[in-house]
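A.B. asks: the sequence isn't on hand, but the structure is:
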């Protein structure tokens, strides 16, 4: 499966990459199989994600999934963000090959862990 133009655009021009100085929810997850890592920093206020930044280490799909996720969740309530699925991340990128679905799973797991860190 060839990568979509949307995927290529996120890879060439990542959205919201970097650290978020005033983050109040942060998580970093690693895929134990391939070693890819994703760090997600969020600023949450009044139950809504005001800002999201990511750092990705690993394969290009991990970077693209971090970029599209950070873009998708800004402005979203934390309740709606917790309901996001791997398929929604994959669809937002125009699809991913089956062997690269782990990148979308890593993005969702990192998001959920960041929100739980905020809640606890």
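C.D. replies: Done, it's in. Only a predicted model underlies this, so the values are computations on that prediction, with no experimental measurement involved. Numbering: from 1, shown residues only.

A.B. asks: now do the buried residues in the longest helix belonging to the chain.
C.D. replies: For the chain, the helix with the greatest residue count under DSSP state H is helix 101-119. Across helix 101-119, burial judged by 16 or more other C-beta atoms under 10 Å covers 101-115, 118. Yep, even glycine has a C-beta here, placed from its N, CA and C like the rest.

A.B. asks: for it, name the packing helices and strands.
C.D. replies: Applying 3 or more C-beta pairs under 8 Å, 6 or more residues apart in numbering; DSSP states H and E, we find helix 101-119 packed against strand 25-30, strand 37-45, helix 60-73, helix 78-82, helix 86-92.

A.B. asks: tell me the mean pLDDT over the helix or strand containing residue 8?
C.D. replies: Assigned by DSSP states H and E, residue 8 belongs to helix 5-12. The average pLDDT within helix 5-12 is 96.
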